[in-house]
Structure formats: structure tokens, C-alpha cells
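# compute the structure for the input listed below.
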Amino acid sequence: MELTRDQLEAARGRLIFACDVQTLDEALEVGERLKASVGLWKIGLELFLREGRPVVERMAALGKPVFLDLKLHDIPATVGRAIRNLEGLPIRFLTVHASGGVEMLREAQAAADSLSCRPTLLGVTVLTSLGAEDLARDGYPGQVGELVQARLGACLEAGIGGVVASALEVGDLAARTPPGFSLVIPGIRPGSGTQDQKRVATPAAAIAAGATHLVVGRPIRDAADPAAAAESIVREIAAAAVTP
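Next up, the predicted model:
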């Protein structure tokens with residue numbers, strides 16, 4: 001399929017690279033290699049705890065927005081204060097656990113609205129490392145999709161701007177969400193293998209189901225040519241987006 005430059009650029013903006021490295025220097029190194037190939041950087045808990053605010057500032061300086069994936073989960077007041085402590089950082093997306101309940105989500109949204117960068121909050125529904133057997137072990141007898149839908153409902157009630165879920169649920173979520181709502185999908189595997197994820201999909205399948213953004217880490221980071229791996233995923237996203 002012949003893809004236009006605009007289609008490729010739009011697809012690139014939907015690809016989030018997970019900077020799952022240990023140090024700021026490593027993040028900057030991989031960032032320099034990939035800054036022309038991806039749309040956003042995801043900075044997770046382990047890198048943020050080691051490097052702090054500078055990693056967000058330095059990665060944003062490479063010219064791409066930052067998705068700060070902290071998965072905050074605590075009582076409402078604590079989550080609200082934690083988010084307000086992020087003032088001054090250039091953040092596009094910020095995660096909280098949707099399992100924290102509607103009041104926590106409302107407090108989180110109010111805190112996010114107070115930040116000068118006004119990030120989109122994403123409610124993490126059910127981690128992609130969990131399956132039905134894990135939920136059953138924790139006392140939840142239903143299907144994963146039922147719990148994801150319930151947590152989407154809490155996010156919508158609280159005014160949250162998006163959720164994180166697996167591609168297996170995204171089609172049902174897209175049918176319930178308003179225009180502009182972000183459906184951010186991790187557990188993306190261009191080829192075979194799941195690593196520590198249980199609910200995975202290819203880029204094309206996730207986009208076709210309704211994902212707005214895809215999070216990809218190891219399949220890019222561990223490739224022999226990370227930029228080429230990212231470009232391949234961008235082309236798959238673009239093709240899926242224009243396929244009827």
C-alpha cells in the first residue's frame with residue numbers, strides 16, 4: 001500500500017515508545033536514535049524514581065511529548081497533592097489507577113487541571129500482565145473485559161480523558177467513549193511472543209479495534225535497528241488506519 005507523508009506522520013504521532021531503561025543517559029541515547037521515528041516518550045516509574053524531574057525535561061527537549069506513567073493509586077488527597085507536585089513539567093499524558101475509585105479519579109482530574117501543562121489523565125483499567133485466572137485468585141469471579149468496562153465507567157463519571165487497556169477490550173471501549181477520548185494500548189507485539197504480558201495484539205489489530213495510541217517498548221528497544229523497527233510499526237499503524 002502506498003502511504004502518503006501525512007498518513008505516516010499521523011501514524012507516527014500515535015506511536016508511544018516506552019523508555020524502559022535504567023538511567024537518564026540511556027534514555028537520552030535511545031531518544032536521539034528514535035526522535036524522528038516515534039510520536040511520544042513514555043517514562044515509567046523505575047526511570048522516574050531514579051532520575052526524577054530532569055528525565056522528563058531532557059526527554060521533552062528532544063522534541064516529543066512525554067507520557068509520564070506513574071500509575072498513581074492512593075487516597076484522593078494524596079493523589080491530588082502528588083499530581084500538583086508535578087507542576088512545571090511538560091507532560092502530555094499521566095496515569096492513575098482506575099481501581100482507586102471515582103472520588104480519587106475526580107481529585108486527580110482536578111489536580112491535573114490545575115497544572116500549567118494540563119495533561120490528559122489516563123485511568124489504568126486492568127494491567128496487561130493480568131488474566132482472568134489472576135483476577136479469580138484475587139477474588140474477582142468475572143471476566144477481565146467486565147472489570148475493564150466497570151473501570152471505564154468510573155473514569156467517564158470522573159471526567160478522565162482516557163484509559164489504558166489491552167487491545168482485547170479496546171473495541172468495546174471505543175463504542176462507549178466520546179470523541180477525543182484517548183484509548184492507549186500497551187501489550188503491542190508486532191511479531192510473536194508475549195514476554196510478561198498476557199493480553200497482547202499486533203499494531204494493526206489494535207488500531208483497527210479503535211486504539212488512539214499504541215505503547216511499544218521492547219520490540220523497538222531490543223531490535224537490531226530500533227529506528228527501522230519503529231518505522232515498520234508506523235507503517236503498520238498507517239495502513240490499518242486507512243484500511244476500510
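# which stretches of the protein aren't confidently modelled?
Of all residues in the chain, those with pLDDT under 70 make up the ranges 191-200, 244.
# center of it, which residue is that?
residue 184 (4.6 Å; CA atoms, centre = their mean).
# who does that residue form a beta bridge with?
Counting by DSSP bridges, residue 184 forms beta bridges with residue 164, residue 213.
# same for the longest helix along the chain, what does it pack against?
Under DSSP state H, the helix in the chain containing the largest number of residues is helix 226-242. Judged by 3 or more CB pairs under 8 Å, 6 or more residues apart in numbering; DSSP states H and E, helix 226-242 is in contact with helix 5-12, strand 15-18, helix 24-34, helix 203-209, strand 213-216, helix 218-221. C-beta coordinates here come from the backbone N, C-alpha and C atoms, glycine included.
# closest one to residue 234 among the ones you listed?
Of all the helices and strands packed on helix 226-242, helix 5-12 sits nearest to residue 234, with 4.9 Å by CB to CB.
# name the helices or strands packed onto that closest one?
Using 3+ CB pairs under 8 Å, 6+ apart: helix 5-12 touches helix 226-242.
# tell me which residues are up against the helix it packs on.
If you take CB atoms under 8 Å, 6 or more residues apart in numbering as the criterion, helix 226-242 is touched by 1, 3, 7-8, 10-12, 14-15, 17, 30, 33-34, 36-38, 188, 190, 202-205, 207-208, 214, 216, 219-220, 223.
# by contact count, what packs against whichever strand or helix holds residue 47?
Assigned by DSSP states H and E, residue 47 belongs to helix 45-51. Secondary-structure packing of helix 45-51 (3+ CB pairs under 8 Å, 6+ apart): helix 24-34, helix 53-60, strand 66-72.
# tell me which of these sits most buried.
strand 66-72 (a mean of 22; mean count of other CB atoms under 10 Å).
# just the CA trace of the following helix or strand past that strand, in CSV.
Next in sequence after strand 66-72, counting helices and strands by DSSP H and E, comes helix 76-84. Output of helix 76-84 as CSV, limited to C-alpha atoms (Å, rounded to 0.1, in the frame of the first residue of the first chain):
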residue,chain,number,x,y,z
PRO,A,76,-7.8,11.0,46.9
ALA,A,77,-6.0,13.8,48.8
THR,A,78,-2.6,12.1,48.5
VAL,A,79,-3.0,11.5,44.7
GLY,A,80,-4.1,15.1,44.3
ARG,A,81,-1.1,16.5,46.1
ALA,A,82,1.2,14.2,44.2
ILE,A,83,-0.1,15.4,40.9
ARG,A,84,0.2,19.0,41.9
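# helix 76-84 to strand 66-72, inter-axis angle?
Note on geometry: by axes from the mean of the first three to the mean of the last three CA atoms, to 10 degrees, helix 76-84 and strand 66-72 are set 160 degrees apart in direction.
# list the buried residues in helix 76-84.
For helix 76-84, a neighbour-count test (16 or more other CB atoms under 10 Å) marks 76, 79-80, 83 as buried.
# for stretch 223-232, same thing?
Buried, per 16+ other CB under 10 Å, within stretch 223-232: 226, 229-232.
# so what's the gap between it and the chain middle?
Centroid separation for stretch 223-232 versus its chain: 20 Å, with CA atoms, centre = their mean, to the nearest Å.
# over to stretch 91-105?
Using CA atoms, centre = their mean, the offset of stretch 91-105 from its chain centre is 13 Å.
# likewise stretch 127-138?
Per CA atoms, centre = their mean, the centroid offset for stretch 127-138 relative to its chain is 20 Å.
# and for stretch 36-55?
12 Å.
# pull the residues that contact stretch 108-115.
Outside stretch 108-115, the residues touching it (CB under 8 Å, 6+ apart) are 72, 76, 79-84, 86-87, 91, 94, 96, 100, 118-121, 158-160.
# the same query, at a cut-off of 10 Å, please.
72-74, 76-77, 79-89, 91, 94-97, 100, 118-121, 123, 155, 158-161 (CB atoms under 10 Å, 6 or more residues apart in numbering).
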